[in-house]
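Enquirer: next input, structure requested:
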Amino acid sequence: MAVSESFSQKSDGLAATGPASGGRTPDIVALTGGKGGVGKTSVAVNLALTMARQGRRVLLLDADTDLANVSILLGQYPQRTLEHAVTGDCPLGDVIMEGPYGLHVIAGASGVQRCMDLDTEDAGLILQQLASLERNYDIVLIDTASGLRPAGLHMIALAALACVVITPDPASLTDAYSLLRVLQRRGYRRVPGVIVNMAAGPSQAQSVYRRFAGAVRKHLAMDVDYIGAVWRDESIRQSVELQRPVATLSEADPSFKQFITLADQVNRHLMHRPSSKAGLAAYWEHRTRLAEVPAERTPPQAAAGSSVESLQADPVLTSPDQVPAVAASPPHARCQDLFRQMEALLEDHSDDRVLQQEALKGTSALLLRIAAGSGDSPQQSEPTYSKADFGPQQTLLERLRSEPDSVRVDGFLARFSGACEQ
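Expert: You can find the predicted model right below:
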């Protein structure tokens, strides 16, 4: 059922009463994964329904640009998505669907990326609507795209808590590790959470988490928090086929109890983390402004039309309330950030030989200019005759002529200089 026209009335009522009023920024939780098939969307839907069933005002944003399956798992099919609101076809409130227990859902699909691609002027209207909308909720859950797509990485960056969903499958652990490595290289500084899905039981879940956390700590020097686990359950598998999430079953159902426990653990972790001052709208506006490169600061390679667009699409992942923008950082930090961006860009486009050659040529030219400049410094100049070291020049020449031809000049000068000092 779409919220549509009645949503504005509901949102006014929500804003007037309850803890979400007064301009409060909701808690934002992103559920992500290094690869598809880990059950990320099922976890997101059941977690959102559980929290809504507990009386919280919950907005679930389906930001998976590849497989927008949230509405399918709920047995609902949206007539409008976030893209319709971005293009101005309808107000943002008309995009929201209402699910069981008052859960609100925004089907995102390609609208997430399109919203980030807007310039500041075009994004103004949609960002105003989003800023007004999100204040009506206690928590926003985001089902992100799996893998390393820029839109998914941005969703992780804006969240107060990002939960990486992994399974006992080794490929899941490898891909999740790669995701964290890319996040770290692009400036992500929060501590990610880990949810182990499809585990045989608590013992296997803890074992999988410890193995993953150990590898991340050893090779990335990054900590990850254990949020919880969901056991492999036939009821959950059937619920996907029946389009009836287990969070709609009886509270006595063992499958639903797992998500009650998981919701409690997510809430506990949010309580111990600093709340973000920037919500969805503030982050998108922040990214939109950073993406606008003034003409006087446009890099030289922009004229060639090569990789500047890609670099702007994959910026350093910082929120307005986190690390300051690169332009305001000290020169050494800015230099390190730029190298991290280039490294991430080349890694994401490892098959682009033209891009690699451009990076190599540009870096080589820069190093040559640095080397040429340092060669003129006094430290690199040729040694000169010093009267303080060798005494009068005539005396030095006479002593040198009296030495046999087999004597090395550098050895003679060392001895002569020592004799002069005595």
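Enquirer: could you chop this structure up by domain?
Expert: According to automatic domain parsing, the chain comprises the domains 6-283, 297-372, 390-421.
Enquirer: where in the chain is pLDDT low?
Expert: Where the chain drops to pLDDT under 70, the residues are 1-23, 65-68, 109-124, 274-278, 287-334, 336-337, 373-391, 396, 405-422.
Enquirer: could I get the phi/psi values of the nearest residue to P168 once chain neighbours are set aside?
Expert: Once flanking residues are discounted, P168 sits nearest to V208: 5.1 Å by Cβ to Cβ, 6 or more residues apart in numbering. Glycine gets a C-beta too; all of them are placed from N, C-alpha and C. Dihedral pair for V208: phi -60, psi -40, per degrees, to the nearest 10.
Enquirer: neighbours around V208, how many?
Expert: 24 (other Cβ atoms under 10 Å).
Enquirer: my guess is it meets V196, correct?
Expert: Yes. Under the criterion of Cβ atoms under 8 Å, V208 makes contact with V196 at 5.2 Å.
Enquirer: which residues of the stretch 101-250 of the chain fall in helices?
Expert: All helices of the stretch 101-250 of the chain, identified by DSSP state H, counting those that start in this stretch, fall at 111-117, 120-134, 150-158, 170-185, 202-220, 234-242.
Enquirer: contact partners of the fifth one?
Expert: Around helix 202-220, the neighbours that count as contacts under Cβ atoms under 8 Å, 6 or more residues apart in numbering are 166-168, 173, 176-177, 180-181, 184, 194, 196, 199, 222-224, 226, 229, 231.
Enquirer: over to the last one?
Expert: For helix 234-242, the external contacting residues (Cβ under 8 Å, 6+ apart) are G39, S42, N46, L73, V230, P245, V246, L249, D253, P254, S255.
Enquirer: can you show me the CA trace of that helix as CSV?
Expert: Once non-C-alpha atoms are left out, helix 234-242 reads as follows in CSV (Å, rounded to 0.1, in the frame of the first residue of the first chain):
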residue,chain,number,x,y,z
GLU,A,234,14.3,-23.5,6.8
SER,A,235,11.6,-21.1,7.9
ILE,A,236,13.6,-18.1,6.7
ARG,A,237,14.2,-19.8,3.3
GLN,A,238,10.5,-20.5,2.9
SER,A,239,9.6,-17.0,3.9
VAL,A,240,11.6,-15.6,1.0
GLU,A,241,9.7,-17.9,-1.4
LEU,A,242,6.3,-17.0,0.2
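Enquirer: moving C-terminal of that helix, what's the next helix or strand?
Expert: helix 254-271 (DSSP states H and E).
Enquirer: which strands and helices sit next to that next one?
Expert: strand 27-32, helix 40-53, strand 161-166, strand 193-199, strand 225-231, helix 234-242 (3 or more Cβ pairs under 8 Å, 6 or more residues apart in numbering; DSSP states H and E).
Enquirer: ok, the third one: who's next to it in the sheet?
Expert: When you say that, I think you mean strand 161-166. strand 27-32 (parallel), strand 193-199 (parallel) (DSSP bridges).
Enquirer: highest average neighbour count across those strands?
Expert: Of all the strands paired with strand 161-166, strand 27-32 has the most neighbours on average by mean count of other Cβ atoms under 10 Å, namely a mean of 26.
Enquirer: between that strand and helix 170-185, how big is the angle?
Expert: Interaxial angle of strand 27-32 relative to helix 170-185 (axes from the mean of the first three to the mean of the last three Cα atoms, to 10 degrees): 130 degrees.
Enquirer: give me the buried entries from the contacts of helix 234-242.
Expert: Buried subset of those (neighbour count, 16 or more other Cβ atoms under 10 Å): G39, S42, N46, L73, V230, P245, V246, S255.
Enquirer: what is the nearest of those to I139?
Expert: Using Cβ to Cβ, N46 comes nearest to I139 of the buried ones among the contacts of helix 234-242, at 14.4 Å.
Enquirer: which strands and helices sit next to the longest helix seen in the chain?
Expert: What stands out as the longest helix in the chain, according to DSSP state H, is helix 353-374. Applying 3+ Cβ pairs under 8 Å, 6+ apart, we find helix 353-374 packed against helix 331-348.
Enquirer: bridged to H104, which residues?
Expert: Note on H104: beta-bridge partners L59, E98, judged by DSSP bridges.
Enquirer: that one and I96 touch, don't they?
Expert: Yes. H104 is in contact with I96 according to Cβ under 8 Å; the separation is 5.1 Å.
Enquirer: dump the residue contacts of D143.
Expert: Each residue near D143 by Cβ under 8 Å, 6+ apart is listed here: L31, K40, T41, A44, V45, L60, L61, D62, A63, D64, V70.
Enquirer: surely the fourth one is in contact with L31?
Expert: This points to A44. Yes. Taking contacts as Cβ under 8 Å, A44 lies within contact range of L31: 4.5 Å.
Enquirer: what touches both of the two?
Expert: L141, I142, D143.
Enquirer: before we move on, the earlier item: farthest-separated two in the contacts of helix 234-242?
Expert: Among these, L73 and P254 lie farthest apart (Cβ to Cβ), at 19.6 Å.
Enquirer: tell me how far A371 lies from E358.
Expert: 21 Å (Cβ to Cβ, to the nearest Å).
Enquirer: between these two, which one's more packed in?
Expert: Applying other Cβ under 10 Å to A371 and E358 shows that E358 carries more neighbours, namely 15 against 10.
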